[in-house]
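*Asks:* Just a sequence and a predicted model for now, questions to come.
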Amino acid sequence: MRRRRATVAALAAVLLAVPILAGCTTATPAPSARPTGPDTPAPSPTGTPPVSPTGVTTVLATGLDAPWSILRLGDSTLLSYRDTGQIMELTPTGELREAAVVPGVDPGGEGGLLGLAARTQDEQHWIYAYLTAARDNRVVRMPLGGSPGSLTLGAVEVVLEGLAKAGNHNGGRIAFGPDGMLYVTVGDAGNGNLAQDPASLNGKILRVTPTGEVPQDNPIDGSEVWSLGHRNPQGLAWDADGRLWASEFGQNTWDELNLIEPGKNYGWPRVEGQAGDPEFVDPAYQWSTDEASPSGLTVVDNTLFMAALRGQRLWGILDGVHVPEGSRGLEGVVTASAYFDREFGRIRDVAPGPDGTLWLITNNTDGRGTPGPDDDRLIEVALAPLVEGRATKSESE
């Protein structure tokens, strides 16, 4: 079990001494349901052309209840329900069934059962979950059992606890990186000062081992902190070059896409958006809050896709390195294009689907949307190579 230790004292000592840097036993499941390692799929080769939606979509599931995270496991897919604490399985035959109810979930406001991740360790397959408990936010893991169509989860083990919770700004996205480490986005719990507070893990992106220990190569000795100065980050994804990207809710002005580097400070609450302050790292791209309010983030074929809640659209983003062949003026410039504007309502999460598709979940039943008769939904989006960029230049251009 992982508990908060005195490592925050080490973080405090380092940050105050130097200027803050400007990142039950269960049966073994059938092979087709086994987690294969990092949540992020194997990166596409560098030369793979970026993609964009064709406009063709397929509804895979309806009637979801405030879903928050998509976790594909071979032939089955798990979905987290924020307010009920349920983990639902979309079976290979397309049926929706309850795989488990995670104990200890204490939903309220934006808190509840949030992000999911998967990892295999010592031949045991684990499902990880970020959740809001009675006194804190925490990360837990449960052994995966059963087989596709009848997956089960065993007893809960605490990986990380003691993260301040609130009615909003809980963060909640978790993912295993290409390095096998667990990355955790933690919001500022409605107190912006925590993002710059060396004695707090809130307002940070954390990096820990699969059992919750501090890796020896973290930027600050003895600390879980990977980057700081975050308000409410809710998306994590790695590109073909192994770079970590994160999507983040702004306050009233700018939502952000950040390129995360270890030990760097992304400015909140002292700055919001691209401030040009050398003490902090500017976002790679920014949107007005009515265009985005971003949550889930993923990569498919050298293209970043970002879910937008208030913006009610899907954003496709080119990173300035992997651009369509023959494109001019896109090299070195992060660009973004909007898709399905107001078509599906609020979009909470995105994930790579089978055969080069993209999956997304809507979030119209979370108390802030206007649900339709089939909401919420899991939708598959067909993708095709992007021949020419229809993106707009970053706000910094």
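*Replies:* That came through fine. Predicted model, so just to flag it, every value in this text is computed and none were measured.
*Asks:* tell me the contacts of the residue positioned nearest the centre of the chain?
*Replies:* Centroid-nearest residue in the chain: residue 235, 3.0 Å away (criterion: C-alpha atoms, centre = their mean). If you count contacts by C-beta atoms under 8 Å, 6 or more residues apart in numbering, residue 235 has them with 173, 185, 245-248, 294-298, 306-307. Just so you know, the C-beta spots here come from the backbone N, C-alpha and C atoms, and that holds for glycine as well.
*Asks:* ok, for it, nearest residue in space, not its chain neighbours?
*Replies:* Counting by C-beta to C-beta, 6 or more residues apart in numbering, the nearest residue to residue 235 once its immediate chain neighbours are dropped is residue 297, at 2.9 Å.
*Asks:* that older thread, following the chain onward from the helix or strand containing the residue nearest to the centre of the chain, which element is next?
*Replies:* Assigned by DSSP states H and E, residue 235 belongs to strand 232-238. The helix or strand immediately downstream of strand 232-238 is strand 244-249, counting by DSSP H and E.
*Asks:* Quick one: list the elements packing against that following strand.
*Replies:* With contacts defined as 3 or more C-beta pairs under 8 Å, 6 or more residues apart in numbering; DSSP states H and E, strand 244-249 has these neighbours: strand 232-238, strand 254-260, strand 294-300.
*Asks:* and these as CSV, adding mean pLDDT?
*Replies:* Listed next are these as CSV, based on pLDDT from 0 to 100:
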stretch, mean pLDDT
strand 232-238, 98
strand 254-260, 97
strand 294-300, 98
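*Asks:* which residues touch residue 195?
*Replies:* 188, 202-204, 228-231, 268-269.
*Asks:* Give me the residue ranges of the stretch 101-250 of the chain where confidence is low.
*Replies:* Nowhere does the stretch 101-250 of the chain drop to pLDDT under 70.
*Asks:* Could you give the average pLDDT over the helix or strand harbouring residue 337?
*Replies:* Secondary structure assignment for residue 337, by DSSP H and E: strand 335-339. Averaged across strand 335-339, pLDDT comes to 96.
*Asks:* Confirm for me that residue 205 is in contact with residue 248.
*Replies:* No. Using C-beta atoms under 8 Å, residue 205 is not in contact with residue 248; the gap is 9.5 Å.
*Asks:* quick check, distance from stretch 132-140 to the centre of its chain.
*Replies:* Per C-alpha atoms, centre = their mean, to the nearest Å, the displacement of stretch 132-140 from the mean C-alpha position of its chain is 17 Å.
*Asks:* Flag every buried residue along it.
*Replies:* By 16 or more other C-beta atoms under 10 Å, the buried positions in stretch 132-140 come out as 132-133, 136-140.
*Asks:* Repeat that for stretch 367-375.
*Replies:* For stretch 367-375, a neighbour-count test (16+ other C-beta under 10 Å) marks 369, 371, 375 as buried.
*Asks:* for stretch 248-262, same thing?
*Replies:* Neighbour count says stretch 248-262 has 248-250, 254-262 buried, by 16+ other C-beta under 10 Å.
*Asks:* For residue 186, see how far away residue 285 is.
*Replies:* Between residue 285 and residue 186 the computed distance is 22 Å (C-beta to C-beta, to the nearest Å).
*Asks:* just checking, residue 372 touches residue 346?
*Replies:* No. Taking contacts as C-beta under 8 Å, residue 372 lies outside contact range of residue 346: 11.4 Å.
*Asks:* Need the residues touching each of these two.
*Replies:* In contact with both residue 372 and residue 346: residue 364, using C-beta under 8 Å, 6+ apart.
*Asks:* Now residue 358. Nearest residue, chain neighbours left out?
*Replies:* Using C-beta to C-beta, 6+ apart and skipping the chain neighbours, the partner closest in space to residue 358 is residue 381 (4.3 Å).
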